[in-house]
Structures are given as structure tokens and as C-alpha cells.
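Chemist: Sharing a model prediction with you, sequence too.
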Number of protein chains: 2
Amino acid sequence: MSVDPPGRTGFQPVRPVRAYQRVAEQIEERILAGHLPPGSRLPAERELVRQFEVGRSTIREALRVLQSAGLIRSRPGDPLGAEVLGVSPDTLSHALGRLARSHLSGPAELIQFRMVLDAESYRLAARLHTDDDLRRLTELVDRMADCAQAAGSGNTPPDTHTFSQADAGFHRVVAEASGNALLALCARAVHDAVVDAIESTLQHARDEGGAADRMHRSTRHHRLVVEALGSRDGARAARLGRQALFDSYSPHMSPQDLTRLRAALD
Amino acid sequence: MSVDPPGRTGFQPVRPVRAYQRVAEQIEERILAGHLPPGSRLPAERELVRQFEVGRSTIREALRVLQSAGLIRSRPGDPLGAEVLGVSPDTLSHALGRLARSHLSGPAELIQFRMVLDAESYRLAARLHTDDDLRRLTELVDRMADCAQAAGSGNTPPDTHTFSQADAGFHRVVAEASGNALLALCARAVHDAVVDAIESTLQHARDEGGAADRMHRSTRHHRLVVEALGSRDGARAARLGRQALFDSYSPHMSPQDLTRLRAALD
DNA sequence: ACGATCAACTGGTCTGACCAGTCGCCTGGT
DNA sequence: ACCAGGCGACTGGTCAGACCAGTTGATCGT
């Protein structure tokens, strides 16, 4: 047993806890603990009013908090009540997006962060992937190549949808192969934040003509990554990931940001 | 001009935008754009009701959303209205914490993620730090050494408070030196999540006697990191960061987790 | 000059109401 | 027998008005 020295009693300032907070906490706890799995439904608001014994405004404010955290979604008229969504990386993206917009950081940090996360995902995947992972990745790159080929021929509009779906699938498989879901989720969140924050601000010179070109370059990059993964060369895979991001964003960066970005290159 | 192919008209499903959403968006925009700087005040709720021409519940739900995003804080009875906090990293921590609690296969992922983030912070700091950064880091390590020394002598209770404060300061300076606040914030958030998730679960064998020992080891580690930073050896600094985490947690890991942790070692 | 008091606020909560959707059932026509 | 249409009985979204407890600053009595 240790005795508190005088003046350091360890007492915590007690702050009032609002009713809506405790409601939100109880529900969030249920969701995070795995009761109330994704897809399940919350009781109707008026039913929650009875169960929690609070007013409807309190219930509604609690639900607003949960909704803004991305844990639930509600739709007017739905007789089943609000839908539980589980935890998604969207909130993380939003938080990152706000941070990137604020003075606390900037778009270059976001890119740099992506370089780190992507590279490390690749590195882990290179060491831990299975043959099946590699087969699926090859398949996805082939599909991307087909897409890019068709887009390059010019007689059909570029099917960006299929392409980006294959691209997303590629990164999903890499994530699985890396064995670290958290890393992958963060990478995705940062990716989304980058797309939101940068692509909208920067004058994106992606005319229809450039689409096929971007597809080709992206396909080539992914092909190289698969090769590096196949030879279990983690360092090379990581370098590829970093370099690709650097190449695609460096034209838009200020000289100062460029220096900092370069520091993350290898 | 390109013509939409039949069946792919590019129309977006239009979903109704709630009143509270538009209120929240308007206020968030003002905050993020720099009007309404941190420390400034929002009008009182009843005043916002007049300005936005909506009911008070709508205003309150909007404020709840902003509050749960950490952008504002309100206190009952405050005649100045809600306080603008600006963008804070707390939301990021919460989002990461939720992610960690739900999509996690085990504590190993969390540790692995920390290994990556810490290592990359060190690597960047090694390349970008200034002489002043290095001086401050040396100072902090000296303070840690003093603490560890005093705790080792045994005639006073170990001053864990001062020690952990110096430790936190160390990581803050590294974060500044790395030039990437985002990386540091995530590392911090994951650190907190680790403390929450692991230390409570694992039987933490940190009796009073072990405190001095842990302090000594931690001091030695930080000293080595400072050396690596000083010689601008990014790779070595990164390796040190990874290894330290691996060493401190590997005794508690299952053989399978160990394999995966080892994959992130270098 | 100073401390107690009080009135005018604040945000937090509750109640009750209305609206526009949504869904299930039930009925009427075929 | 079947299906379309309509009719309720719900849902969540919004509003209005009230009360409470807490904060604050001016006011008043000493």
C-alpha cells in the first residue's frame, strides 16, 4: 500500500455526465462488444424512450452522436428502427480530412502518411502472403490490364468503374495478406481522406484522354508489386509503394513539401 | 463531350439532407475555414434558432454532432455560448480506439501497428531534425536518467509521474522533428489503445520493484535513439523503435502472434 | 467598500404535437 | 383465386413550449 503525499490525493475532478451521453455510451458499448452486430436493428426511438426512461430528445441526441460516429444509420419511416453498421473507417477518414484541412497538418502530411502505411502493408504482405493471395493478386492485375487495354484502344469509353473496383480489390487482398487489419483500415481511411482533400482542391487534369494512360501506369505499378511480393522482397515492395505515391503527387507539391516527402522515400 | 451509355446515366441517388445536417455543415465550414477560430464563441442556442430559422431540437442535434466531433464544447449556464475548440486529435483517437476494439484479431496487430508508426516517426525525425530538437531530446533523456537513478537507489518511491512526463515530452519532440503531426497523433492514439486494451487484459507484472528496472531500460533505449538521430541514421533509429516494442511485448505473445510480430521487425 | 441577493440569462431535459414517409394488411375488383 | 389499391399504424424528423439547475453580473443593504 502506498499513501498519497499531501497535495497529491489523486482525486479526479468530477464533471457532470449528461443523460444523452450515458445513453450513447450504453448503446456504443453494446455495439462494440459484439451484441448488436452489424445489420441488426435498434428499437424504435419511442421504445428506447421507455427502456432508458428519458425523453425523446435525449434519445435522439444520443442517436445523433452514434450516427455521426458512423455506428448506426437511420431512415425515416423504417419500422425496424435504426440499423447498426458496426465500426467503419469512415469516421477515421473524416477526422483525418479535418486534420489535414486544419493548421495542425496539411495535405503533404497526408500523402506522407499514406506512403508509410502503404509501404508497410506491402512489406508485411511480402513476408506473410500465401500462394493463394498471390494468385488472386495476379488475377486482379490481369483484369486491370484488360481494362487499360480496352481503354487505350479508344473505341469504347474507359471503364473506370471496373478498373477501380479491381484496384480496391487488390488493396483488400494485400491487406488480408499482411495480416494486419488495423493497418489496412488506416491505409484506406487515409486514402479516402487524400481523395477527398486533394483531388477536389487540386486542378485534376484527368481528362478522358489521360484516363487510359493513368490506367496503364497504375497497372504497371501493381504488376511490379506482385512481382516483389512473389519474390518475398519486402524492402522492394515497400519502396515501390512509396515511390508510386511520390511520383503521382510530387508534381502538385510545393518545394518545401517535396523535401519532406522525399525524406519518406526510403 | 461524352455520351452516357444506356443504363449508365451517371445519375446519383438523391438522398434527403436533414436540417440538422445543413446546420452542422454550415458551422463546421465556418470553423474549418478559420472564421470562428478556437476560443471564439458560438451564439446561444436560442439565438441560433432565430438565425437558422429552425427549431431548437434541430440546433441541438447539430451542436451534438459538432461536439462529438470535438469541434465545440458547451457548458450549461455559460452566457457566452458554446466554445469553439478547433480541430483536435481526440476524434482520431476515439475512432482508432473503436476500430481497435472491433476489427481486431488480437493485441499483436496493435503492437505491430505501433512498431510501424514509431519506427517511421524515428526515421523521419532522423532525417529532418534540427540541432535544437536534438538538444531538447538529450535534455529529456537526462531527466529520465536522473529519475531512474533516484528510483534505483531505493530510498524514495519511484517518481513515475516525472518520468512518464519526460517520456511523453520525448515523443512529442520526436513528432515535431519528424514534421508529420499526423503520424505522431496516430502513434499516440494507438499507444493509448494499447494501454487500454493490453495492460488491462494482460496480467501486468509491474510491481513497485520492477518500476526502477523498467525506467532504466527505457532510458537506455531512448539514449540509443538519440544517438541514432544524432548521426542521422534513419534506418538504425527505425530498427531501435521496432525492437524496443518487440522486446517489451514479446514475452506476452502467443507463438503465432510472435511470428507475425517478427515480420515487422526490420 | 463589500458581501449577499436576485434576475436574467445559459444549456439540459421533458412533453406533446404534427408532418412526411414507409410498410403491412385488408379489401374490392377482376 | 389473384392482384391493385387504399387505409392505417407505424417510423424518424421537426417544432413549440415549458421547466430545471447552473452561471453570471448587476443590484441592494450593510
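Modeler: Perfect, thanks for sending it.
Chemist: surely residue A:127 meets residue B:261?
Modeler: No - with contact defined as CB atoms under 8 Å, residue A:127 does not reach residue B:261; the gap is 11.5 Å. Where you see a C-beta, it was placed from the backbone N, CA and C, and this is true even at glycine.
Chemist: Only C-alpha atoms, please: export whichever strand or helix holds residue A:214 in CSV.
Modeler: Assessed by DSSP states H and E, residue A:214 sits inside helix A:208-230. What follows is helix A:208-230, C-alpha atoms only, in CSV (Å, rounded to 0.1, in the frame of the first residue of the first chain):
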residue,chain,number,x,y,z
GLU,A,208,-10.8,11.4,-70.7
GLY,A,209,-7.6,11.0,-72.7
GLY,A,210,-5.5,10.8,-69.6
ALA,A,211,-7.6,8.0,-68.1
ALA,A,212,-6.2,5.3,-70.2
ASP,A,213,-2.7,6.5,-69.5
ARG,A,214,-3.3,6.5,-65.8
MET,A,215,-4.7,3.0,-66.0
HIS,A,216,-1.6,1.8,-67.8
ARG,A,217,0.8,3.3,-65.3
SER,A,218,-1.3,2.0,-62.4
THR,A,219,-1.4,-1.5,-63.9
ARG,A,220,2.4,-1.5,-64.4
HIS,A,221,2.9,-0.4,-60.8
HIS,A,222,0.7,-3.1,-59.5
ARG,A,223,2.4,-5.7,-61.6
LEU,A,224,5.7,-4.8,-60.2
VAL,A,225,4.3,-5.0,-56.7
VAL,A,226,3.0,-8.5,-57.3
GLU,A,227,6.5,-9.5,-58.6
ALA,A,228,8.1,-8.1,-55.4
LEU,A,229,5.6,-9.9,-53.3
GLY,A,230,6.2,-13.1,-55.2
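Chemist: what's it in contact with?
Modeler: A:122, A:125-126, A:129, A:134, A:137-138, A:140-141, A:144-145, A:147-148, A:151-152, A:154, A:157-158, A:160, A:163, A:167, A:170, A:174, A:177, A:206, A:236-237, A:240-241, A:244, B:2 (CB atoms under 8 Å, 6 or more residues apart in numbering or on different chains).
Chemist: again with stretch A:238-247
Modeler: A:111, A:114-116, A:118-123, A:126, A:221, A:224-225, A:228, A:261-262, A:264-266.
Chemist: ok, 6 Å please
Modeler: Residues from elsewhere that reach stretch A:238-247 (CB atoms under 6 Å, 6 or more residues apart in numbering or on different chains): A:114-115, A:118-119, A:122-123, A:221, A:224-225, A:228, A:261, A:265-266.
Chemist: So which residue is smack in the middle of chain A?
Modeler: Centroid-nearest residue in chain A: residue A:189, 1.9 Å away (criterion: CA atoms, centre = their mean).
Chemist: Buried subset of the contacts of stretch A:238-247, written for ChimeraX?
Modeler: To isolate the buried members of the contacts of stretch A:238-247 in ChimeraX, using 16 or more other CB atoms under 10 Å in any protein chain shown:
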select /A:114,115,118,119,122,123,221,224,225,228,261
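Chemist: Can you tell me which of the contacts of stretch A:238-247 lies closest to DNA strand C?
Modeler: residue A:114 (37.1 Å; CB to the nearest atom of the strand).
Chemist: can you pull out the helices in the stretch 101-250 of chain A?
Modeler: Along the stretch 101-250 of chain A, counting by DSSP state H, counting those that start in this stretch, helices occupy A:107-128, A:131-153, A:160-178, A:181-194, A:200-201, A:208-230, A:234-249.
Chemist: and these, which is most packed in?
Modeler: With neighbours taken as mean count of other CB atoms under 10 Å in any protein chain shown, the helices of the stretch 101-250 of chain A reach their highest mean count in helix A:107-128, at a mean of 25.
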